[in-house]
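# based on what follows, work out the 3D shape:
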Amino acid sequence: MSRRKIVSHHCADDQRSVRDGHPSDLAGKVAIVATLDTKGRETAYLARVIEQWGRKTLTIDVGTSNRRGRSEPDGSDARVAAPAELLREIAASAREEVKELLRSGAIDAIIGVAGGKGSAVFGEVISDLPYGFPKLLVSSARPALLAELALHNDIILYPTLVDLFGINAFTERVLCNAGRAIAAMRYVPARERRERKTVAITAFGVTTPAANRCVARLAEAGIDAIVFPANGAGGRKMEQLVSAGEFDAVLDLTTTELADEIVGGTASAGPDRLKAASHRLIPQLIAPGAVDMVNFGPPSSVPAEFTGRQFYSHTPFTTLMRTTVSENERIGRLTAERLSQAKAPALVLWPAKGVSDYDRDGGIFRNPEADRAWFDAVRRHLPRSISARELDCHINDPEFAEAAASWIVEQLTPGGSPRADV
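Purely as a prediction, here's the structure:
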């Protein structure tokens, strides 16, 4: 359904013509996702700003009063309570519509205007869009919800801090800025066939030296490396991109997110961590980077059940807790169980002298017994088809990175003979 003429509102500086240098050459449409029964006026205003800056728009209604899909902003202020099931149904329908619009080339950017429920729906709508596709959300939702959305997607968040109740001196500024920003963004699909092999690597601050050396060693071999922070969101996104076929191998140097999953920290990447490479049948090397620690926020955020444990204040906002022997045994078992699904070459590499900068001789988290519990559990539960090898060095020693990166290079070298051991 075509959208009727949008009501006129003044936006400072947006009256300048497209001929004054606005990006009119960006011909793809911008999709606006909004609950038109509650955000009709804001949606109309945002569309006008985007179109004044040289882009065409289409609106996808995810409101509960009007479920006809693409629709006209009606300016309604109705606040309709919707059950969770209805919201899921609306989100699923809109997600399929957005996927079809992407496949047909009709859109190359998307923006949402929402409160709390609409923001959650927007997160579902964009969940299948590729990495790098411009996704911007203007939202009055609580910060915790926005943070949760950022865990799952490469979304640009624009918190309004004021509620979205029509157009006023504050919401006008927000919508003008957001409209101009999304008008300047355009998705450019990655080339289907890359000229160079690409490897995903996981890293943490306490394993950065190893990650740096792995990246350099791979570069020498003509292989690109993309590093993901092992902070929950990073591992989750890496698994998604591996599943999407973006990588030729995984050098999973830092599996600390499994510690948070097992123990209950804040950096868990969820139940799909350490699965995608096996499903994609690509080589993977697993190391226990930073499994000596579980992540929490400020000291006041640490659950009472952990009173008396060993902690270290990494920053004023990050508290690390040392894992125990029994916890490391459980982490090692989970690692082996997930890795056991691998059918492509796979290798576990264990550094006997420590798994993080804090877990070395003289370090605050040095505990060889706990570290050994991880490795023993891995070997006990791995199938015989997958090797687990011990190196007499620290994870950040040059020889560890050399061994890990060289194994990956061998798997990806044309004409080479992939092996399951170094």
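# and residue 207, which of the three is it?
Assigned with DSSP: H, G, I helix; E, B strand; the rest coil, residue 207 falls in the helix class.
# nearest residue to the middle of this structure?
residue 237 (3.5 Å; CA atoms, centre = their mean).
# show me what the strand or helix carrying that residue is in contact with.
For residue 237, the host element (DSSP states H and E) is helix 233-243. For helix 233-243, the external contacting residues (CB atoms under 8 Å, 6 or more residues apart in numbering) are 131, 150-154, 200, 202, 228, 247, 250, 257, 269-270, 272-277, 279-280, 282. The C-beta positions use only the backbone N, C-alpha and C, and glycine is treated the same way.
# for the longest strand that the chain contains, packing partners?
In the chain, assigned by DSSP state E, the strand with the most residues is strand 107-114. With contacts taken as 3 or more CB pairs under 8 Å, 6 or more residues apart in numbering; DSSP states H and E, strand 107-114 sits against strand 29-34, helix 36-52, helix 84-103, helix 116-125, strand 135-139, helix 169-183.
# now the fourth one against strand 135-139, angle please.
Which is helix 116-125. Interaxial angle, helix 116-125 versus strand 135-139 (axes from the mean of the first three to the mean of the last three CA atoms, to 10 degrees): 170 degrees.
# distance between helix 116-125 and the chain's centre?
On the basis of CA atoms, centre = their mean, to the nearest Å, helix 116-125 is displaced by 16 Å from the centre of the chain it belongs to.
# what's the average pLDDT for that helix?
Taken as a whole, helix 116-125 has a mean pLDDT of 91.
# tell me what that helix is packed against?
By 3+ CB pairs under 8 Å, 6+ apart, helix 116-125 packs against strand 29-34, helix 84-103, strand 107-114, strand 135-139, helix 143-152.
# likewise for the fifth one?
The helices and strands touching strand 135-139, judged by 3+ CB pairs under 8 Å, 6+ apart, are strand 107-114, helix 116-125, helix 143-152, strand 156-159, helix 169-183.
# could you rerun that using 10 Å?
strand 29-34, helix 36-52, strand 107-114, helix 116-125, helix 143-152, strand 156-159, helix 169-183 (3 or more CB pairs under 10 Å, 6 or more residues apart in numbering; DSSP states H and E).
# and for the third one?
Under the contact criterion of 3+ CB pairs under 10 Å, 6+ apart, helix 84-103 touches strand 29-34, strand 57-61, strand 107-114, helix 116-125.
# hmm, try it at 7 Å
strand 29-34, strand 57-61, helix 116-125 (3 or more CB pairs under 7 Å, 6 or more residues apart in numbering; DSSP states H and E).
# nearest to residue 332, out of those?
Between residue 332 and the helices and strands packed on helix 84-103, the shortest gap by CB to CB is with helix 116-125, which sits at 33.6 Å.
# residue 215 contacts residue 225, correct?
Yes: assessed by CB atoms under 7 Å, residue 215 is found in contact with residue 225 at 4.4 Å.
# which residues are in contact with each of the two?
residue 201 (CB atoms under 7 Å, 6 or more residues apart in numbering).
# starting at the chain centroid, how far to stretch 140-153?
12 Å.
# what residue ranges in the stretch 101-250 of the chain score low on pLDDT?
Flagging of the stretch 101-250 of the chain using pLDDT under 70 yields the residue ranges 190-194.
# circling back: restricted to buried residues, select the contacts of helix 233-243 in PyMOL.
Filtering the contacts of helix 233-243 down to the buried ones (16 or more other CB atoms under 10 Å) takes a single PyMOL command:
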select buried, resi 151+152+153+200+202+228+247+250+257+269+273+274+275+276+277+280+282
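# tell me which of the contacts of helix 233-243 fall in helices.
Residues of these located in helices (DSSP state H): 150-152, 257, 276-277, 279-280.
# pick the one among those closest to residue 86.
Nearest member of those to residue 86, counting by CB to CB, is residue 152, at 21.6 Å.
# residues contacting that closest one?
With CB under 7 Å, 6+ apart, residue 152 has these contacts: 123, 127, 236.
# how far away is residue 248 from residue 414?
12 Å (CB to CB, to the nearest Å).
# for these two, indicate the residue with more neighbours.
residue 248 (20 against 5; other CB atoms under 10 Å).
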